[in-house]
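Trainee: Quick one: sequence and predicted model below, then my questions.
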Amino acid sequence: MDYLVWRGEFGFDAAPWNEVDALMMANLSYLDFHGLGDERGWTLADAKRLELVQDTDVANFEGRKQQFLAMADTVRFGDIRMHHFISLTDEDEELQFSATCYDLPDGTLCIAFRGTDGTLVGWREDFNMSWQSVVPAQEAAVYYLEKAAELDDRPLCLVGHSKGGNLAAYAAACSRPEVQDRLKAVYSFDGPGMSPDIFQSGGYQRVVDRIHSFVPQTAIVGMMMEYHRKYTVVKSDASGIAQHDPLTWQVYGPRFETAEKIDSNAVMVSETLHGLLEQTGRKERGKMVDTLFGLMANTKAASLSEMKEGGLKTLTGVARGTLDLTPDARKALTRLAGLFLSLGFGSLADRYRPGQRHGEEKPDPEADDPGENGDAGAENKS
C-alpha cells in the first residue's frame, strides 16, 4: 500500500515495470470478479466503479480487496485490462486452478496464476505435489499459457504467489519453445519447488535465467521440494508462517527490502521436510495424503474455514474416521502427525530455550553444540 502511494502516479513509461509490480499482479489474482467471462474484460478502474469484486474466503480477502481498490485509483494500474479469467475446482480430479490475463501498458501480456484458495481440494492438490510428478493444476497452467500466447504475438510475463508461483515456473519450463522464446520474465513469490525431473529438463534450462524467485525470511512454503538455486530473501513485518502473506513483505522504493539468508527456523523446517520426503517412498507419501484428506472428508467441510467453524464437531468427525482405518492407513497418519509435532517442537525449542524467554543471555546447558547442529550449521546449509 505504501508503494501505491509512492509510485501510483507514475505510468510504466516514466517508471519501468519492477518486481513489486509483479507481486501486485500476482496478489490481484486471488480475487474473483463478476463479468470476466467477457473476453474484452474490464479495466481495474471500471471493475472498481462497477463493484465487480465477489466475496470469497481466500486468505486475507479484505487486505487483497483493499489493494485492488487502491490500484484501481492509480495512473499506474487503473487502465490495466484484465480478461480471460478462469477458475476451476474439481474434487474428482483433485484440481484447483485459476488464472487471469492482464494487458500491461508497456505492451506485455501478463499472466497471473492464483495460489491455493481456501478449499480442501486446493490444499489436497498442494500435498499431492509431494508424491506426484505432475498435478492437474500444472497441466492446466501449461495449457492456459499456450492458449493465451495464441491471442497475439506480444511478449509474455508470468507471475504467481504460493502455488501460483509454482505454476508460473512449471508452465514456463514445460511450454513449447516458441512460447518460451517470448517470455520476458517469470516471477515466483514463495512458490513451492518442483520435481527434480523438471529442474533437469531442457525446457527448464531454456528459461532458468528469466525466473525470478522470492521468499520471505521464514521461508517454509517456498522451500518445499527441490527449489530454484537462485532466490532473493525478502524482509517481512510478520513472524513464522504468517510471512507467507505477501502483504507483510517490506518495500523500499521500487524494490523489496532484502536479507542475506533465510533464518535458522526456516532451515530447520526445510531440512525436516526434505528428510521426511527422502525417507518416504512415493507410495507411502500418497497413502499419507489419502489418509489425511479422507479423514477431513468425514467432516463434510469444503474449506479450511468451514473446518475451523465446525469446532468440536469437526474434531469428532475426524476422530470417528480413525476408527475405520486399516492398520497401514493408521500408521501413515501417525507418521504424518509425528512430522507436524516434530516441526512444532523444533520451533518452540528455538524460541523458548531456558534463560532466554525474558531476554536473558544465559546458555542452555542441555542444548546441543550449535557448531554441530545449531545455528552455525544452519547458516552453512542456507
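Mentor: Yep, it's here.

Trainee: okay, CA-based contacts and neighbour counts for the rest of this
Mentor: Will do.

Trainee: got the residue ranges for the helices in the stretch 51-200 of the chain?
Mentor: Per DSSP state H, counting those that start in this stretch, the stretch 51-200 of the chain carries helices over the ranges 61-72, 120-128, 136-149, 163-174, 177-180, 196-199.

Trainee: Neighbours of the residue nearest to Ala148 when sequence neighbours are not counted, how many?
Mentor: Leaving aside its sequence neighbours, Ala148 sits nearest to Cys101 (CA to CA, 6 or more residues apart in numbering; 7.7 Å). The tally of other residues near Cys101 (other CA atoms under 10 Å) stands at 25.

Trainee: Among the helices of the stretch 51-200 of the chain, which comes closest to Ala45?
Mentor: Ranking these by proximity to Ala45 (CA to CA) places helix 61-72 first, at 4.5 Å.

Trainee: Serialize the helices of the stretch 51-200 of the chain to TSV and add fields for mean neighbour count.
Mentor: Putting the helices of the stretch 51-200 of the chain into TSV (neighbours: other CA atoms under 10 Å) gives the following:
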stretch	mean neighbour count
helix 61-72	18
helix 120-128	21
helix 136-149	19
helix 163-174	28
helix 177-180	16
helix 196-199	15
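
Trainee: can you tell which of the ones you listed is closest to Thr248?
Mentor: Closest to Thr248 of the helices of the stretch 51-200 of the chain is helix 61-72 (CA to CA; 10.4 Å).

Trainee: and for that closest one, what are the contacting residues?
Mentor: With CA atoms under 8 Å, 6 or more residues apart in numbering as the test, helix 61-72 has contacts from 1, 4, 8, 27-28, 30-31, 44-45, 47-48, 53, 55, 77-79, 247.

Trainee: Could you rerun that using 6 Å?
Mentor: Contacts to helix 61-72, defined as CA atoms under 6 Å, 6 or more residues apart in numbering, come from residues Leu44, Ala45, Phe77, Gly78.

Trainee: do stretch 22-41 as well
Mentor: Counting by CA under 6 Å, 6+ apart, Leu52, Val53, Gln54, Met82, His83, His84, Phe85, Ala112, Arg114, Val159, Gly160, His161 sit against stretch 22-41.

Trainee: which of those residues lies closest to Ala242?
Mentor: For the contacts of stretch 22-41, the nearest to Ala242 is His161 (14.0 Å; CA to CA).

Trainee: That closest one contacts Tyr187, doesn't it?
Mentor: No. Counting by CA atoms under 6 Å, His161 does not reach Tyr187; the two are 8.4 Å apart.

Trainee: hang on, the earlier thing: of the contacts of helix 61-72, which pair is most distant in space?
Mentor: Ala45 and Phe77 (8.3 Å).

Trainee: neighbour count winner among the two?
Mentor: Phe77 (26 against 22).

Trainee: Chain neighbours aside, what residue packs nearest to that one?
Mentor: Phe77 sits nearest to Met71 (CA to CA, 6+ apart), 5.5 Å away.

Trainee: ok, that neighbour to Leu28 distance?
Mentor: Separation of Met71 from Leu28 (CA to CA, to the nearest Å) stands at 10 Å.

Trainee: ok, back up a step: and His161 and Tyr187? which has more neighbours close in?
Mentor: More neighbours surround His161 than the other of His161 and Tyr187, with 34 against 26 (other CA under 10 Å).

Trainee: Now that one: closest residue in space, sequence neighbours ignored.
Mentor: Leaving aside its chain neighbours, His161 sits nearest to Phe189 (4.5 Å; criterion: CA to CA, 6+ apart).

Trainee: contacting residues for that neighbour?
Mentor: Applying CA under 6 Å, 6+ apart, we find Phe189 in contact with His161, Gly165, Phe214.

Trainee: nearest to Gln138, of these?
Mentor: Checking the contacts of Phe189 against Gln138 with CA to CA, the nearest one is Gly165 at 10.8 Å.

Trainee: Please list all residues in contact with that closest one.
Mentor: Residues near Gly165 by CA under 6 Å, 6+ apart: Ser188, Phe189, Gly191.

Trainee: Just the strands from the stretch 1-150 of the chain, written as ranges.
Mentor: Secondary structure of the stretch 1-150 of the chain (DSSP state E, counting those that start in this stretch): strands located at 32-33, 42-43, 53-54, 81-90, 95-103, 109-113.
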